[in-house]
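>>> I'll drop the sequence and a predicted model, then ask my questions.
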Amino acid sequence: MAQSMLQFIHVDRKTPTKRGAKRRKEDFSEIYADYKPAKAKEQASRCSQCGVPFCQQGCPLSNNIPDWLLLAANGRLEEAYHASSATNNMPEICGRICPQDRLCEGACVIEQSGHGTVTIGAVEKHITDTAWEEGWVVPIKPPRERAQSVGIIGAGPAGLTAAEELRRKGYQVTVYDRYDRGGGLLVYGIPGFKLEKDVVARRLAHLEEGGVIFKYNAEIAAKTGTGKTSFADLRANHDTVLIATGVYKARPLKIPALEGAGSVEALAFLTASNRKGLGDAVPEFDTGEISAEGKRVVVIGGGDTAMDCVRTAVRQGAKSVTCLYRRDKENMPGSAREVQNAEEEGVVFEWLAAPEAVVRTKTGALKSVKAARMKLGPPDASGRKRPDPTGETFDVKADMVICALGFDPEDLPKLWGQSGLVVNRWGAVQIDFRTMETRLPGVFAAGDIVRGGSLVVWAIKDARDAADAMHAHMKKAAKTAQVAAE
Ligand SMILES: Cc1cc2nc3c(=O)[nH]c(=O)nc-3n(C[C@H](O)[C@H](O)[C@H](O)COP(=O)(O)OP(=O)(O)OC[C@H]3O[C@@H](n4cnc5c(N)ncnc54)[C@H](O)[C@@H]3O)c2cc1C
Ligand code: SF4
């Protein structure tokens, strides 16, 4: 018998079991368990199958959420997987790390009516993890091979998504990445307690099996040389090119005495930690230079990166971890779920606190961070309340300071010797949003390099749009070539 929906009246919202803070602080494994099949069915059945599904409108991919919730509630998981993967190239990753509280779940009408949102992300993860276990994720088999080739710069979520979409259409796809592994920030930025690395490795293997070629330690640069391929050569070798390089230039914090021993940039800290977890040699970690073990750690920033840093420091065995953020909890950019997890794990949050200076001993050793107490004024240009100093200051003792203020694009036109590659004043690549094409014909761009630091789900959305546009571009070029040959 079909499972009736609208069960939110009788069935309470239940997220998957979360490991206790004491236990989970001891390792880098994910903190949420999977639903048992009966629980997934039950939770999916809470959906009211809205005629106008606000959850779908809240999802950048317009995922057909009510349909796959209905199928999941009825135990038809294979069909649910097909419905979910029709619009999303990595639903198990989105299920794990999308900030659902700000997207689909935040828009769910049941949440709005006070019953607690349908646990969309957890059901999405359950559906796709089951699909992998059951062998429903089958290798990519293009209906026909095409001679045209695509060069993709960057093996992050944007590059991987475009690679899959274009390979499915039969193009010869090569992905170039300057790292030694694929995954981009999914592997070297985001820690394992949010996203275990074998979940990403499984996706990479799936693409390789489907015929996508990966070239690692292959940096795109201005000139070809050891480990480097010039952008011009890459362009000459492929019919279309996708720039999906993400953003890696850390935003600087300009306060006195920050430079020096004990001062670490967020991505360097997270990458070292992720590399250790993957079994790589990381000398600067082993010497203690970039490890939080036994230290009083102060993290500056209030976004997802800062939350990942504080929780990584906890797991590395820091003596204490304090997060300084200049606005209050309600106005911070990081996911509320991650803040709660960090608080449970013992992180101390100093809200309304802006760093003013780093205090060092005569020998240059880190002593403390001096912070100004702030109060919130009227909203600024970003729409969030502006922090203003109250005049009060305080010190937080520190042996390590991690700056997590976000990232900007690198200067691609200069790095690649391409003055024709137009970027905006922040360095993000400018595209025509109708075609995803840059000012260089046949060169497209997607993901963080276009938007600035954003979300995985937006990288997927942009890359799907770019892949469609690249397909249209190459079909047109093939047709023109055929006409000319006749
Ligand atoms: C610490 C951290 C935590 C985050 N947490 C979340 C989260 O919980 N949820 C969420 O949705 N988003 C999160 N994000 C944001 C998310 O990771 C990004 O929005 C997403 O990864 C962007 O995808 P991308 O493919 O555009 O870029 P990236 O993932 O950055 O991939 C770009 C790839 O391009 C390669 N590359 C760069 N330049 C070159 C070159 N010249 N030649 C060759 N290769 C090159 C890089 O090596 C990299 O592999 C987080 C980001 C950070 C930094
Ligand atoms: S908004 Fe909530 S209740 Fe409505 S269809 Fe989406 S998940 Fe179901």
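Thanks, I have the structure now. Numbering: from 1, shown residues only. Ligands and ions are numbered 1, 2, ... in the order given.

>>> next one: phi and psi at residue 416?
When read as degrees, to the nearest 10, the backbone of residue 416 gives phi -110, psi 0.

>>> show me what contacts the residue positioned nearest the centre of the chain?
For the chain, the residue nearest the mean C-alpha position is residue 456 (4.0 Å; Cα atoms, centre = their mean). Contacts for residue 456 (Cβ atoms under 8 Å, 6 or more residues apart in numbering) come out as 90, 93, 94, 97, 98, 157, 186. All C-beta atoms are positioned from the backbone trio N, CA, C, and that covers glycine.

>>> which two in those are spaced the farthest apart?
Within these, 98 and 186 form the most distant pair, 12.5 Å apart (Cβ to Cβ).

>>> so where do the helices sit in the stretch 301-450 of the chain?
304-315, 336-344, 412-415, 448-451 (DSSP state H, counting those that start in this stretch).

>>> could you do the stretch 151-300 of the chain as well?
157-168, 185-188, 197-209, 231-237, 266-277, 283-286.

>>> for ligand 1, what are the nearby residues on the stretch 251-400 of the chain?
Counting by Cβ under 6 Å from any ligand atom, the stretch 251-400 of the chain comes close to ligand 1 at 270, 304, 305, 308.

>>> so among those, where is pLDDT lowest?
In terms of pLDDT, residue 304 ranks lowest among these, with 91.

>>> now that one: closest residue in space, sequence neighbours ignored.
Nearest non-adjacent residue to residue 304, counting by Cβ to Cβ, 6 or more residues apart in numbering: residue 334, 5.2 Å away.

>>> burial count for the residue in the stretch 201-350 of the chain that ligand 2 sits nearest to?
Closest contact between the stretch 201-350 of the chain and ligand 2, by Cβ to the nearest ligand atom, is at residue 337 (17.5 Å). Residue 337 has 16 neighbours, counted by other Cβ atoms under 10 Å.

>>> going forward, begin numbering at 20 instead of 1
Done: numbering now begins at 20, and the last item shifts to residue 356.

>>> in this protein, which helix has the most residues?
helix 475-504 (DSSP state H).

>>> now do that one, average pLDDT.
Helix 475-504 carries an average pLDDT of 96.

>>> buried residues of it, list them for me.
By 16 or more other Cβ atoms under 10 Å, the buried positions in helix 475-504 come out as 475-490, 492-493.

>>> whichever strand or helix holds residue 130: which residues count as buried?
Using DSSP states H and E, residue 130 maps to helix 128-131. By neighbour count with 16+ other Cβ under 10 Å, helix 128-131 contains the buried residues 128, 129, 130.

>>> just stretch 233-250 next, same as before
Result for stretch 233-250 [16+ other Cβ under 10 Å]: buried residues 233, 237, 239, 240, 248, 249, 250.

>>> related to what we said a few turns ago, now, which of the residues of the stretch 270-419 of the chain next to ligand 1 sits nearest residue 423?
Closest to residue 423, out of all of these and judged by Cβ to Cβ, is residue 324, at 4.4 Å.

>>> how much space between the closest residue to that closest one other than its chain neighbours and residue 291?
Once flanking residues are discounted, residue 324 sits nearest to residue 423: 4.4 Å by Cβ to Cβ, 6+ apart. As judged by Cβ to Cβ, to the nearest Å, residue 423 and residue 291 stand 14 Å apart.

>>> equivalent analysis for residue 164, please.
On the measure of Cβ to Cβ, residue 164 and residue 291 end up 42 Å apart.

>>> who has more neighbours, the two?
residue 291 (23 against 9).

>>> on that earlier part again, I'd say the residue nearest to residue 324 and residue 316 touch.
No: at 11.5 Å, residue 423 does not count as touching residue 316 under the criterion of Cβ atoms under 8 Å.

>>> give the contact list for the nearest residue in space to residue 243 that is not next to it in sequence.
Nearest residue to residue 243, sequence neighbours excluded (Cβ to Cβ, 6+ apart): residue 249, at 4.4 Å. Neighbouring residues of residue 249 by Cβ under 8 Å, 6+ apart: 239, 240, 241, 242, 243, 435, 436.

>>> among the contacts of residue 475, which ones lie close to ligand 1?
Contacts with ligand 1 within the contacts of residue 475, counted by Cβ under 6 Å from any ligand atom: 116, 117, 176.

>>> from those residues, which is closest to residue 213?
residue 116 (5.4 Å).

>>> roughly how far does that closest one sit from ligand 2?
For residue 116, the distance to ligand 2 equals 19 Å [Cβ to the nearest ligand atom, to the nearest Å].

>>> what pLDDT does the model give that residue?
96.

>>> repeat for residue 355
84.

>>> domain assignment for the chain?
Annotated domains of the chain cover 26-153, 168-267+427-504, 273-424 [automatic domain parsing].

>>> which ones are touching the closest residue to residue 97 other than its chain neighbours?
Using Cβ to Cβ, 6+ apart and skipping residues adjacent in sequence, the residue nearest residue 97 is residue 155, 5.2 Å away. For residue 155, the contacting residues are 97, 100, 101, 149, by Cβ under 8 Å, 6+ apart.

>>> residues touching the spatially closest residue to residue 368 that is not a sequence neighbour, list them.
Closest residue to residue 368 apart from its sequence neighbours, by Cβ to Cβ, 6+ apart: residue 342 at 5.0 Å. By Cβ under 8 Å, 6+ apart, residue 342 lies in contact with 317-321, 325-326, 329, 361, 366-369.

>>> fine by me, we can end here.
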